[in-house]
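Sequence and predicted structure, then a few things I'm wondering about:
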Amino acid sequence: MPQDPKQHFVEQLKLQYREIISGAHRSESAAGRAYESARAEARSKDEFKNAASEGRLAMAHQRRRREAKRELEALIAFVRRGIPRFDRRGAVGLGALVDVSLELDDEVEERTLLLLPVGAGHELTGPGGDGFVSVITPASPAGRALHGARVGDSVEVVMPERRCDWTVVDLT
């Protein structure tokens, strides 16, 4: 039996988070070692400033790792409760896979979005590399505008650079 597309996307997002956590951990460790080395060798005020800079870099990587870990845990908790199923008669909610059309510079473009509690901005590929899905969250402009919309509804999405009308084409 083929895997549910939403489950496929969630597994892909989990993998992306694990890669972020691993990369941030490596960067944090490297910056921490650089800090310790620079601090031990520092003899002047400028050298101490450079060492402190390495320490701040290590702390930034640590924050990035912790944030990614927190988001991964939130995603896992959401999935444990069960990814909701939607149909064309329902309203967009958390866990919805939404096809929208939008007009950009006199062209109509279609996008597929997955509304999840975390992961805004992540791009995912469909099973077998078929198509792309963008993750949005309830806190994002698109997530706020689409929440509660139904197939056929048009919503205004307000982003920092522009306003767009998006029409819900399909919902699963």
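Yep, that arrived. Numbering: from 1, shown residues only.

Relative to residue 56, how far out is the residue of the chain most remote from its centre?
Within the chain, residue 43 marks the point farthest from the mean C-alpha position, 43.3 Å out by C-alpha atoms, centre = their mean. As judged by C-beta to C-beta, to the nearest Å, residue 43 and residue 56 stand 20 Å apart. From N, CA and C alone the C-beta is placed, and that goes for glycine too.

And for residue 117?
According to C-beta to C-beta, residue 117 and residue 56 sit 30 Å apart.

When the two are compared, which one has more neighbours?
Ranked by neighbour count (other C-beta atoms under 10 Å), residue 117 and residue 56 place residue 117 first, with 17 against 11.

Surely that one touches residue 76?
No - applying C-beta atoms under 8 Å, one finds residue 117 not in contact with residue 76, separated by 10.6 Å.

Quick check: pLDDT value at residue 166.
pLDDT, residue 166: 93.

just checking, it touches residue 104?
No - contact criterion C-beta under 8 Å: residue 166 and residue 104 do not qualify, at 10.4 Å.

the helices in this protein, which residues?
In the chain, the helices defined using DSSP state H lie at 5-41, 45-80, 141-146.

Now do the first one: which elements does it pack against?
In other words, helix 5-41. With contacts taken as 3 or more C-beta pairs under 8 Å, 6 or more residues apart in numbering; DSSP states H and E, helix 5-41 sits against helix 45-80, strand 97-104, strand 123-125, strand 132-136.

any low-confidence regions in this structure?
Counting by pLDDT under 70, the chain shows low-confidence ranges at 1-3.

Work out which residue lies at the spatial centre of it.
residue 119 (2.2 Å).

Quick check: chain neighbours aside, which residue is closest to it?
Closest residue in space to residue 119, ignoring its immediate chain neighbours: residue 135 at 3.9 Å, by C-beta to C-beta, 6 or more residues apart in numbering.

which residues sit in contact with the closest residue to residue 140 other than its chain neighbours?
Nearest non-adjacent residue to residue 140, counting by C-beta to C-beta, 6+ apart: residue 120, 5.0 Å away. Each residue near residue 120 by C-beta atoms under 8 Å, 6 or more residues apart in numbering is listed here: 135, 136, 137, 139, 140, 143.

Buried among those residues? Make that a PyMOL selection.
Selecting only the buried entries of those in PyMOL, with 16 or more other C-beta atoms under 10 Å as the criterion:
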select buried, resi 135+136+137+140+143
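
returning to that earlier point: what's the residue nearest to the centre of the chain sitting at in phi/psi?
Backbone torsions of residue 119, given as degrees, to the nearest 10, read phi 100, psi 10.
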